[in-house]
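Student: Model the following, please.
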Amino acid sequence: MNPTFRLRAALVAGLLVLLAACGPGVGGTGTGAVPDPGNSGLQFFGATPQNVCLGPLATALGCAAVVGSDPPTAQTPRHFATGCAVASFSGDAVELDALCSGWFFSGRWGLGADGIGRYHGLVGPDPVQPPTHPATLEVQVQGADLLLTLLAADGQVLMGPLLLSPVPGAP
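Tutor: Okay, here's the model as predicted:
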């Protein structure tokens, strides 16, 4: 195994462990109600929620084949990372912690008014505080990797394009 790959994998694993430490109990609204950034983003952009497994990311996210009339679903969360970002995909949702550029994005897959599938959600500077600014995340499949571009509501590029590689196993 390539020593660079091992070092990269160890760094990613360490980052994922640190991110897991920021689990339930931090942040929130103080009312007991936790807003769903994905739904807020979909509403802001006038996007229609869609099953991510019916789109171009199905294979990369490990979507199960259609059985009978059941829609395909992502089997387990999938994680992708580079030295500067970690993305966790679970069902139709994604969380991206863009460590080097200082952004945290949380969103849901949907079709925009332009008919293009992307993640619509909210972005903020800190994964501990709930994100508050509408943003979209464009994702393209590049072999086994994903190319991510994070865009503000006005189309300004906040991060990317950045190539993330799959991280085997759960964090």
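
Student: Quick one: residues in contact with stretch 148-155.
Tutor: With CB atoms under 8 Å, 6 or more residues apart in numbering as the test, stretch 148-155 has contacts from 44-45, 85, 87, 96, 98, 101, 103, 105, 123, 133-139, 157-164. Bear in mind the C-beta positions are built from the backbone N, C-alpha and C, glycine included.

Student: if you set the cut-off to 7 Å instead, what comes out?
Tutor: 87, 96, 98, 103, 105, 123, 133-139, 157-162, 164 (CB atoms under 7 Å, 6 or more residues apart in numbering).

Student: Under a three-state scheme, what state does the closest residue to Phe80 other than its chain neighbours occupy?
Tutor: Excluding its sequence neighbours, the residue lying closest to Phe80 (CB to CB, 6 or more residues apart in numbering) is Leu164, at 3.7 Å. Under DSSP: H, G, I helix; E, B strand; the rest coil, the three-state class of Leu164 is strand.

Student: Isn't Leu164 up against Phe89?
Tutor: No: judged on CB atoms under 7 Å, Leu164 makes no contact with Phe89 at a distance of 10.4 Å.

Student: What residues sit buried inside stretch 96-113?
Tutor: Judged by neighbour count (16 or more other CB atoms under 10 Å), stretch 96-113 contains these buried residues: 96-99, 103-111.

Student: with those in mind, which one is nearest to Thr59?
Tutor: Trp109 (14.8 Å; CB to CB).

Student: I'd assumed that closest one was in a strand, is it?
Tutor: Yes: Trp109 forms part of a strand when assessed by three-state DSSP.

Student: Going by neighbour count, list what's buried in stretch 134-151.
Tutor: Those would be 134-139, 146, 148-151, for stretch 134-151 by 16+ other CB under 10 Å.

Student: quick one: average confidence on that stretch?
Tutor: The average pLDDT within stretch 134-151 is 95.

Student: how about Tyr119, what does it touch?
Tutor: 94, 107-109, 136-137, 139.

Student: Low-confidence regions, the protein specifically.
Tutor: Across the chain, residues meeting the criterion (pLDDT under 70) sit at 1-38, 65-75, 169-171.

Student: Could you pull out the strands in it for me?
Tutor: 48-49, 78-82, 85-90, 93-98, 103-111, 117-124, 133-142, 145-152, 157-167 (DSSP state E).

Student: any chance of those strands in TSV, with distance to Thr59 too?
Tutor: Listed next are the strands of the chain as TSV, based on distance: least, CB to CB, whole Å:
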stretch	distance to Thr59
strand 48-49	21
strand 78-82	11
strand 85-90	12
strand 93-98	16
strand 103-111	15
strand 117-124	14
strand 133-142	7
strand 145-152	11
strand 157-167	11
